[in-house]
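Colleague: Need coordinates for the below:
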Amino acid sequence: MEKDSRIEEAAEQVAALTRDLAQVRAERDNLLGASEKAARLQSEIATLQAERDALREDSDKAATRSATLEHEMNRLNERFVRRIADKERRIEAFAGQVAELTRKLSQFQTEYDKLLGDSEKTKGLRSEIARLQTELEDADRLKSEIARLHAERDGLHADKTEAARRTAARERDVADLKARLEQLARSNADQAAVAGQLSDVEARIFETLEALMRTAERPFLSHRRVEARKIRLLVELGLFDPEWYAENNPDVAAMNLEPGRHFIVYGCSERRPPSAFLARLRQAASASQPGLTAVPPE
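Modeller: Sure thing, here's the model as predicted:
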């Protein structure tokens, strides 16, 4: 019995110890949970403190920025106020000008209405004056045109007279040269002298050709029309033979140029004979022979 009693007592003690142990474990677990919670709270507190410091720094920056913006706003506001005041002064000045212009316009309108009442009386006269002014302007234009045409006519008449005089002089020179050529062709006395004279005559003929072509020039004509006048003048005077020139200068056809234009542009400056007559003259001068017994037809 005593043994059972001791066992029961021991069992009760074990049960009590077990309860105490369970309680201690529960308290330990509570403490551990509280410790972990405290650690989490401490971490959260540190985070919040960091956020507080950041917010405090941002707040300082914001305060500085706010002060800067406030200063800028004050400056812009002052500038805006000054501009508004200036605009208002200008508006007042313009308003005064508008009032003055309105007054003048009213005055002009009154005067215009007064004149308009008399306009019917003067309408016919004004119409007649306008018509006469138009006719006068037309007459002035016609006078200017007539004066210009007279000046052109006088200029053309002077050019024509001068060209006729120079052409007549050149024709006399040509006739004289032909006479001298005939005389030289009939003379066989001194071959060297004849050759020199023939060369001189040839040079004078080319000078005469160039002078004759200059008489055909007109400042109011195109370049091609001046060339046509030069060619026609040389042919009419018997100084240029287009067919002979083309036959004896193969490059004329190769260059696809008219004989007369080729002679004016190239042949005359290159001293190419423009006709059989001058070709025989050059041949006679080169050979120091009389070479010519009669002047051939052009």
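
Colleague: From now on I want contacts and neighbour counts done on CA atoms only, so please keep to that.
Modeller: Fine.

Colleague: what packs against the helix or strand hosting L209?
Modeller: Using DSSP states H and E, L209 sits in helix 191-215. Using 3 or more Cα pairs under 8 Å, 6 or more residues apart in numbering; DSSP states H and E, the elements in contact with helix 191-215 are helix 2-186, helix 223-236, helix 276-287.

Colleague: Go through it and flag the buried ones.
Modeller: Using 16 or more other Cα atoms under 10 Å as the test for burial, helix 191-215 gives 191, 194-195, 197-199, 201-202, 205-206, 208-209, 212-213, 215.

Colleague: so who does E258 touch?
Modeller: Residues near E258 by Cα atoms under 8 Å, 6 or more residues apart in numbering: V252.

Colleague: distance of it from A216?
Modeller: From E258 across to A216, the span is 18 Å (Cα to Cα, to the nearest Å).

Colleague: got a list of contacts for stretch 242-254?
Modeller: 258-260, 262, 273-276.

Colleague: at 10 Å instead, please
Modeller: By Cα atoms under 10 Å, 6 or more residues apart in numbering, the list of residues contacting stretch 242-254 from outside reads 231, 235, 257-263, 266-267, 272-276, 279.

Colleague: just stretch 201-209 next, same as before
Modeller: If you take Cα under 10 Å, 6+ apart as the criterion, stretch 201-209 is touched by 170-171, 173-174, 177-178, 180-181, 195-199, 210-214, 230, 233-234, 239-240, 264, 268-269, 271-274, 278-279, 281-282, 285.

Colleague: and R166, how many residues sit next to it?
Modeller: Neighbours of R166 under the rule other Cα atoms under 10 Å: 16.

Colleague: same question but for D29, I mixed them up
Modeller: 12.

Colleague: ditto for A175
Modeller: By the criterion of other Cα under 10 Å, A175 has 12 neighbours.

Colleague: pLDDT score for it?
Modeller: For A175, the model assigns a pLDDT of 77.

Colleague: Now for F240: which residues touch it?
Modeller: Applying Cα under 10 Å, 6+ apart, the residues near F240 are 209, 231-234, 259-260, 263, 273-278, 298.

Colleague: Chain neighbours aside, what residue packs nearest to it?
Modeller: P274 (5.0 Å; Cα to Cα, 6 or more residues apart in numbering).

Colleague: and what of V226?
Modeller: Among residues not flanking V226 along the chain, E217 sits closest, at 5.6 Å (Cα to Cα, 6+ apart).

Colleague: Give me the buried subset of the contacts of F240.
Modeller: 209, 231-234, 259-260, 263, 273-278.
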